[in-house]
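In: no sequence on this one, just coordinates:
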């Protein structure tokens, strides 16, 4: 496609923002050793050449760099955002300038967002790098005939995997899907360190309030929640955890956090942070339990974890008292919601740290490559553990670390079942 | 059996130590809410009545309390230690006084230890609670005919599971075995918090040296290694990690530790702690890499993680310069080995904290009950996740915590795969 | 003064920015319990009425709120920034709109900055709230005759106190000065928690890089440096400390950091952060010691802690590759300097957290009140400890905490020197 | 003195324990780089030759090594314990075997303890290394005529300094006294890291309970309390702090602890640890506020911080249910007191870590040397800061660290008060 054709076949907010976005992508390129070494080298075998690949992940610079690498490897790439609240218009513009079609505009309505995703669907992708199964589920629902051309999907999030499993249970998952989120090099680092770190930063930056001496209520003690709790404590905070899973509850307890009933945890929280991957982690009845001045932020998957709609019904539309900080007044108590419940790490900041997304997107790049190189059975697949190890090895090599290896005597020992001689 | 018969059918060091051991068991009884509530209640259904049960775990007060609960439930219990270095003679004596046969004597030779384990085997147990597969592997090797009577084994450790898998690969695992170690309520807490905490305590107590301002080299970054590294940092230490698995290596790196080549990590370590579950984690060639005054301790499974035999060949028999501290002099450098490489948390202290073993042994008690109540297929089995949840719930209930539950709208959301309406 | 007169007697960048600044000041007002309770109540006694007060501190919203409170108490306030790099033009505009004269424009030259400070001096202030002794030293040097009208100065920083001491040694401190920085409620919190937290945030925000798994070199282990090191470790970093004071060096060591020679500490640092309060904490010869990709940030007093001038001579003018990130290339190594060496917590962010500045500026407000209410001798004075206690008490009261008190028997014990009866 | 004379002029429990004590002293000698380098070298100038020196500090191996070094330097040393609960009889025996007179027996009555201290007083010491002013105050009270011979006292603890100040206020401090406790190299490390670390270890060892997932109530947030709170959090605990000083209260708050009213803090505490240096930090009315199973430990100066006497009146004499653990039953609640309220770090363990006492006793050795070398005025004196620096430098040198130094341009900058040229 010519530059003009790419532009004509894209839908973005403002092409003139491209230089700002280009600068961001170059910064990412500089700090992505695993993509630059392992992924680029692996993709060079031509397996992706000519493949139609859709990249539908929060559209910021790291995603853009992933899309660029795939295009470099010969794929026919189209990109969209997985959430209109997280799209960076400058990055979208830069991608188009780099010759990749994009359907993404920050802050558009649900209808316009649907329109963009269907535009992606209508390119009939063979491989989809998805986030929250946003485009996959729409294809299954609205473009079922396109499933035939689909070699496979690779899914970025816990939430998306839940949807793919529901789809499988409903007999609709008639194509292969790789659980990229469950790759060690994705969920162990992106969720726990990346999201957690970026979330804490975003909260403190948007509010200019102190992290020390504060009470944090973390809703959900999965990988994201564990990271949040750990960083909050590192900042000098006191953490309460709300959970539904008893084992996670005991983990929170042993990690030195307060595992608490919802009423108790919300009553004294300065910051309430959701990390469940579901909906209504903070719901209509919860707002009345909070104290004056509570700040609410979402680090989970959806803008539906905090039920802002219910809050608006209770307290009116709210007022933006600082950029990204909406104040609602309920029974004379002020409740502040950050970026109106969107993902605070992405909508309130430049997203997760570059080096951590380097690992996550190495998983995605190799996952797409795996789909292109193999004919997988329909259904959910594990990300190949050997690839996980290679990603980790490449990361360590970029740090100058060479690992120990088992000596033969050690290996022999581990493989025997008698041992007293 | 009469008291005299029990005594006659036991082999212990000194019956007169029973009062001291009894005091320890009572302390455990007081601080074991999960065993006292959930396990005792579940065992009351009579499933274990009359069953021959062997308990072969480090023989200290927590193990003794588990054995007592099984006996109370009507089982015909025999106990032995899984390692002669960790047996507490006072506890063995107290168990005999409580009417349970015991074959365990602290510090005996390999031959005598073998003799004790075979004595246990010869009671033809139907259910074995094993640690390191110590008695199971001996039965398979030396008393294969007794496998027929075996309803099943439940295994406490990572190392033991490795052996059972090797046994399965060799076609010798002709009975059911439950991977108790892999229960969430076991490995998440016992390995990471229990062993790690007790190990750090034991090191500081035996040496009276500072934990702050020290360099720690942790060999193996599994659950135990992670706990060790975290507690070491909590004490003001700087941690280097040696690993063979690259993903674990990146985890150590992201957790803020130095992931290092063996030479670098050993060169400046004040404390070297092994936690691999294998052998020769510190081997013959490593001693020369250490600095003067290095202290070596083992938190893994075996007294073979630190190759003390090789050290003795290099540096002579060593001298005990404090109780539990052996000094070896190699090329004018002093190297101190704690409890001669035995498990420092057990041999150098009263073992892991009571409340944490309460969780682990609740897994074992319910696992034994599960074996008694069900006819399982031969081979390795997972510990039922529902039991894991019940253990965690009981723990939280003992703390006065009631967990949140999913609301119907939340559950419905998690089960759907379309979500934009 | 009328609004027009205030505007005519001010020098700011753009009056139209006032609404944005006003919003920020209101946010500060909402989160400043100690200023709102204790300071406002104490200032209401009229001691400041009609007094000419100059406020010369980094001109952002917290400073503006302090100026507002003084004006509310009847003082005749004039404000300026203590550093042109940290002035927020919107806040300056809002202050003028609130009727306070301001001489402050972001990013002006040294000459223009001097002109602004002399304009403040020429209002002949009776009381000066100073930062770095910026206006005080200029008065002594360039307007010595104005010292006669000066009731006193209250100084915000470690660096400023150093200058006042030098001035005293030179016989030029002919007026009273209060060491506000040394108040417990200032340096214990502002320096250690406030500056440190805001600095870490600013670094991560400007770079979008990971805080976890990184090597930090902290130059200077005073209150700011301790906070930086602690937060860096909380983020999963490994910290090396460069110091000149051996006691601080041992503290760093015991706190679990690497106390290192300059060469070693710089060689592997991902982030180099200066916190000395002096100059050239990173100097000409140091740049060659750094690794490719090192990021430099300043959390100390001056934009002279990192010798950016020397770096420019060595590597050319640098290029801004992201907002606030200048890249210099030296011997093929990239070195990134944040906000060109200005205070990263202020120039790269909204400054220290509001609640922490609430404590610092309560010290300043009570210090100004103390100067107005008492005739102090010339020379340096300690901030009255009783006021420190009242500030802390007010803070705790705002959190609902009431402290324990000594019982008579305890007090009696502490006052006796015989104790064995 | 001959060995027989030393033995005849000593009062110890059991001379046959000497080999065990000797082993401990040799371990200390091995791990005391600062005493071995700096102190030994400085003492070699003969200033202490022939001086009568009394060492009255908790009589365990570190104290014994200090006494040995003084004797080696030619002083005529006599030693006693500062608390009968902390004396180690084996160490006392070893000291006598090394030729030093000792008056110390573990666990003796108040009367016998008084008798031992008066025996020390009656040797008419010229220099006293005191702890809690135990022997100094007795001399002033009971042997006032001996003050004339006293060149000076050097005091180890916060509590002792309080007594010396009370003595000064009463006009009875007619001799010089050095506030060794206030030396940076003493209180910064011994109190915060040493006592805190050893206290946590002792609690966990005596109880075999978990440190993770527990609520700690720390009474007193001075140096010891800060260390306790930090280590408790490092172990996975949740900390509440009780304070009387508001600034310390805000510090605890900013450090991420709960600053609480006494009732709230005691109500949910699993561990209550006193660190006030005063008396009745836990008093008669407090016991009823605690929960069933609370464990009480003292890390302060006195066995009077926990009012065990009052507890005995309320709940009877208590029963020792494990070595060092006394159980009291009050209104059907069990309350466990460790080592009956004595210093748990010393009475329940081998005392503070060797390397940390190396710093503290280097202060004491140089302090004694300073008293011997200079004629000081009566009254309290600061420990010379230059000596503090030398101790810290020696410590760093033993770690291979050489510190940075100010460059001339930096020093010039710090000494000037004008800075804009």
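Out: Perfect, thanks for sending it. It should be emphasised that the depicted structure is a prediction, and the values quoted were computed from it without experimental measurement.
In: in what helix or strand does residue A:95 lie?
Out: Applying DSSP states H and E as the criterion places residue A:95 in helix A:89-97.
In: and residue A:243, how many neighbours?
Out: Using other C-beta atoms under 10 Å in any protein chain shown, residue A:243 is surrounded by 26 other residues. C-beta coordinates here come from the backbone N, C-alpha and C atoms, glycine included.
In: hang on, it packs against residue A:259?
Out: Yes - judged on C-beta atoms under 8 Å, residue A:243 makes contact with residue A:259 at a distance of 6.7 Å.
In: Can you pull the residues that touch both of these two?
Out: Shared contacts of residue A:243 and residue A:259 (C-beta atoms under 8 Å, 6 or more residues apart in numbering or on different chains): A:249, A:252.
In: Stretch A:186-200 near chain D at all?
Out: No - Stretch A:186-200 stays clear of chain D (C-beta under 8 Å from any C-beta of the partner chain), getting no nearer than 13.8 Å.
In: Quick one: distance of that stretch to the chain centre.
Out: Taking C-alpha atoms, centre = their mean, to the nearest Å, one finds the center of stretch A:186-200 at 9 Å from the center of the full chain.
In: what pLDDT does residue A:403 get?
Out: Residue A:403 is assigned a predicted lDDT (pLDDT) of 86.
In: how about it, what does it touch?
Out: If you count contacts by C-beta under 8 Å, 6+ apart, residue A:403 has them with A:393, A:396, B:243, B:244, B:245, B:246, B:249.
In: List the ones among these that fall in helices.
Out: Here DSSP state H is the test, and the contacts of residue A:403 give A:393, A:396, B:246, B:249 as lying in helices.
In: can you put those in TSV and add neighbour count and distance to residue A:304?
Out: Compiled in TSV, those are given as follows (neighbours: other C-beta atoms under 10 Å in any protein chain shown; distance: C-beta to C-beta, whole Å):
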residue	neighbour count	distance to residue A:304
A:393	20	38
A:396	20	38
B:246	23	37
B:249	27	37
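In: In terms of distance to chain D, which of these ranks first?
Out: Among these, residue B:249 lies closest to chain D (C-beta to the nearest C-beta), at 23.7 Å.
In: beta partners of residue A:381?
Out: Residue A:381 has these beta-bridge partners by DSSP bridges: residue A:178.
In: Give the burial count for residue A:270, as a bare number.
Out: Residues near residue A:270, counting by other C-beta under 10 Å, number 21.
In: dump the residue contacts of it.
Out: Counting by C-beta under 8 Å, 6+ apart, residue A:270 makes contact with A:209, A:214, A:215, A:216, A:291, A:293, A:294, A:295.
In: and which of those residues is nearest residue B:102?
Out: Of all the contacts of residue A:270, residue B:102 sits closest to residue A:216, with 49.4 Å by C-beta to C-beta.
In: hang on, the closest one is in a strand, isn't it?
Out: Yes - under DSSP: H, G, I helix; E, B strand; the rest coil, residue A:216 falls within a strand.
In: How about the contacts made by it?
Out: Going by C-beta under 8 Å, 6+ apart, residue A:216 touches A:228, A:229, A:232, A:237, A:238, A:239, A:240, A:269, A:270, A:271, A:272, A:273.
In: just residue A:56 next, same as before
Out: Shown in contact with residue A:56 (C-beta under 8 Å, 6+ apart): A:79, A:80, A:81, A:82, A:117, A:120, A:128, A:129, A:130, A:131, A:134, A:135.
In: Just these: which are in helices?
Out: Checking the contacts of residue A:56 against DSSP H, those in helices are A:117, A:120, A:134, A:135.
In: Does the last one touch residue A:127 like I think?
Out: This points to residue A:135. No - at 11.5 Å, residue A:135 does not count as touching residue A:127 under the criterion of C-beta under 8 Å.
In: what residues are shared contacts of these two?
Out: residue A:54.
In: coming back round to it: closest to chain C out of the contacts of residue A:270?
Out: Using C-beta to the nearest C-beta, the contacts of residue A:270 come closest to chain C at residue A:209, 5.5 Å.
In: So the closest one sits against residue C:31, correct?
Out: Yes - counting by C-beta under 8 Å, residue A:209 touches residue C:31, with 6.5 Å between them.
In: shared neighbours, these two?
Out: C:354, C:355.
In: what does the stretch 301-421 of chain A have sitting close to chain C?
Out: So far as C-beta under 8 Å from any C-beta goes, the stretch 301-421 of chain A lies against chain C at A:321, A:322, A:334, A:349, A:350, A:351, A:353, A:354, A:355, A:356.
In: tell me the contacts of residue A:269?
Out: Contacts of residue A:269 by C-beta under 8 Å, 6+ apart are A:215, A:216, A:217, A:240, A:290, A:291, A:294.
In: Ok, residue A:243 next?
Out: With contact taken as C-beta under 8 Å, 6+ apart, residue A:243 is in contact with A:220, A:221, A:249, A:252, A:259, B:403, B:404.
In: run the last query once more with 10 Å
Out: By C-beta atoms under 10 Å, 6 or more residues apart in numbering or on different chains, residue A:243 lies in contact with A:218-222, A:225, A:249-253, A:259-260, A:265, A:276, B:396, B:401, B:403-404.
In: taking those residues one by one, which sit in helices?
Out: Of the contacts of residue A:243, the ones assigned to helices by DSSP H are A:225, A:249, A:250, A:251, A:252, A:253, A:265, B:396.
In: Can you turn the buried part of those into a PyMOL selection?
Out: Buried residues among the ones in helices among the contacts of residue A:243 (16 or more other C-beta atoms under 10 Å in any protein chain shown), as a PyMOL selection:
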select buried, (chain A and resi 225+249+250+251+252+253+265) or (chain B and resi 396)
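In: ok, the ones in helices among the contacts of residue A:243 vs residue D:301, which is closest?
Out: Looking across the ones in helices among the contacts of residue A:243 and measuring by C-beta to C-beta, the closest to residue D:301 is residue A:253, at 33.9 Å.
In: Surely the closest one and residue A:229 touch.
Out: No - between residue A:253 and residue A:229 there is no contact under C-beta atoms under 10 Å: 11.3 Å.
In: between those two, what contacts are shared?
Out: By C-beta under 10 Å, 6+ apart, residue A:253 and residue A:229 have these common neighbours: A:221, A:241.
In: of all the residues of the stretch 301-421 of chain A next to chain C, which two lie farthest apart?
Out: Spatially, the most separated pair among these is A:334 and A:355, at 37.3 Å (C-beta to C-beta).
In: which one of the two has more residues nearby?
Out: residue A:355 (26 against 17).
In: my read is the more buried one is in a helix, agree?
Out: Yes - under three-state DSSP, residue A:355 sits within a helix.
In: Let me see the contact set for it.
Out: Taking C-beta under 10 Å, 6+ apart, we find residue A:355 in contact with A:28, A:31-34, A:62, A:189, A:193-194, A:395, A:398, B:254, C:208-210, C:212-214, C:270.
In: Let's see if you can find the most crowded of the ones in helices among the contacts of residue A:56.
Out: With neighbours taken as other C-beta under 10 Å, the top of the ones in helices among the contacts of residue A:56 is residue A:134, carrying 27 neighbours.
In: doesn't residue A:113 make contact with it?
Out: Yes - look at residue A:134 against residue A:113 with C-beta under 10 Å: they come within range, at 8.8 Å.
In: joint contacts of the two?
Out: With C-beta under 10 Å, 6+ apart, residue A:134 and residue A:113 have common neighbours A:80, A:81, A:82, A:83, B:420.
In: May I see the PyMOL selection of the buried members of those residues?
Out: Here is the PyMOL selection string for the buried members of these, based on 16+ other C-beta under 10 Å:
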select buried, chain A and resi 80+81+82+83
